[in-house]
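[1] Coordinates for the following, if possible.
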Amino acid sequence: MVIAIIAILAALLLPALSRAKAKAHQATCVSNTKNWAYALVMYTDDHQDAIPYMAERFANQPDGSRYPFVFDLLAPYVSKNTGGSYSQSTVYYWDARKCPGGSGTSVTNWNCWIGVNFGSGPASGLGGLFYYGARNQGEPLKRPLKSTRIKKPSEAMAFMDTLWYYVYSPGDPSFKFDADSDGDGKPDTMSAYSPYSHGRPTVHNGGANVGLLDGHIERVPFKKLWSVDAAGNVTHPFWWLDD
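    Predicted structure coming up:
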């Protein structure tokens, strides 16, 4: 009889505990995202309103090392300097970039990190806030995007929950296709392995923690964030740079 009562109480309490745990994960993720959003605001203040490149160049430096990536550039505003770049950088596996709503057996295969909204370049009204300055050595750098060009910084997405380091902007025509072949016409992926362009729709009960250019954070339902019109274009304003 006692065992049965304990089982009933456990069945009643476990859902509540699960919801509380999910809320705690979400709160930690929001806090981490806010730190990076504030770091971006401070970086632009210190660099004549310039938003940092994803990296100065996609290609390696002449000595074979990688150029510092965006999180390396923002890291001093969050905690400290980093070593290396991209996956070789200490910031790649920082707790400050980790979303606890993800899962994995170790930090190296964890599946949810705070990443950036990535595009191919500063096309007017399109693309992500972050892009490479140039692809190869010797190519001239694109102009850095100035935060002052963005008329609505409170609607310009900079950060969100991602699989690794970035989410491909569906507002950039370079990434507009439905490679997961689910038949909805939604430009939601670069491969069947990483649906929603490396976004993570399942870690916060179907929502995403989004960091905007003005430094504030919003939770957006994933279906709303990736809603499309009849032509298959993503319609949420956070993807479209209103410059």
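[2] pLDDT weak spots in the protein?
    1-26, 122-126, 173-195, 232, 242-243 (pLDDT under 70).
[3] Helices along that one, start to end?
    Listed in chain order, the helices of the chain (DSSP state H) span 2-46, 70-78, 222-225.
[4] CA-only coordinates of the last one in CSV, if you can.
    Once side chains and other backbone atoms are set aside, the C-alpha atoms of helix 222-225 remain, and they are given as CSV (Å, rounded to 0.1, in the frame of the first residue of the first chain):
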residue,chain,number,x,y,z
PHE,A,222,9.6,28.1,-33.4
LYS,A,223,6.6,27.8,-35.7
LYS,A,224,6.2,31.6,-35.6
LEU,A,225,9.9,32.2,-36.2
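[5] what helices or strands is that helix leaning on?
    For helix 222-225, the contact count by 3 or more C-beta pairs under 8 Å, 6 or more residues apart in numbering; DSSP states H and E identifies strand 207-212 as packing neighbours. For every residue, glycine as well, the C-beta is placed using N, CA and C.
[6] Name the residues that touch the strand it packs on?
    26, 29-30, 33-34, 36-37, 40, 99, 114, 153-161, 199-201, 217-222, 225, 238 (C-beta atoms under 8 Å, 6 or more residues apart in numbering).
[7] List the residues that contact Gly102.
    The contact partners of Gly102, taken as C-beta under 8 Å, 6+ apart, are 110-113, 200, 203.
[8] What residues does the residue nearest to it when sequence neighbours are not counted make contact with?
    The shortest distance from Gly102 to any non-neighbouring residue, by C-beta to C-beta, 6 or more residues apart in numbering, is to Cys112 (2.7 Å). Listed by C-beta under 8 Å, 6+ apart, the contact partners of Cys112 are 98-99, 101-103, 161-163, 200, 203.
[9] Try it again at 10 Å.
    Cys112 makes contacts with 25, 29, 98-104, 161-164, 199-200, 202-204, as judged by C-beta atoms under 10 Å, 6 or more residues apart in numbering.
[10] correct me, but Pro76 touches Pro68?
    No: Pro76 is beyond contact range of Pro68, at 11.0 Å (criterion: C-beta atoms under 10 Å).
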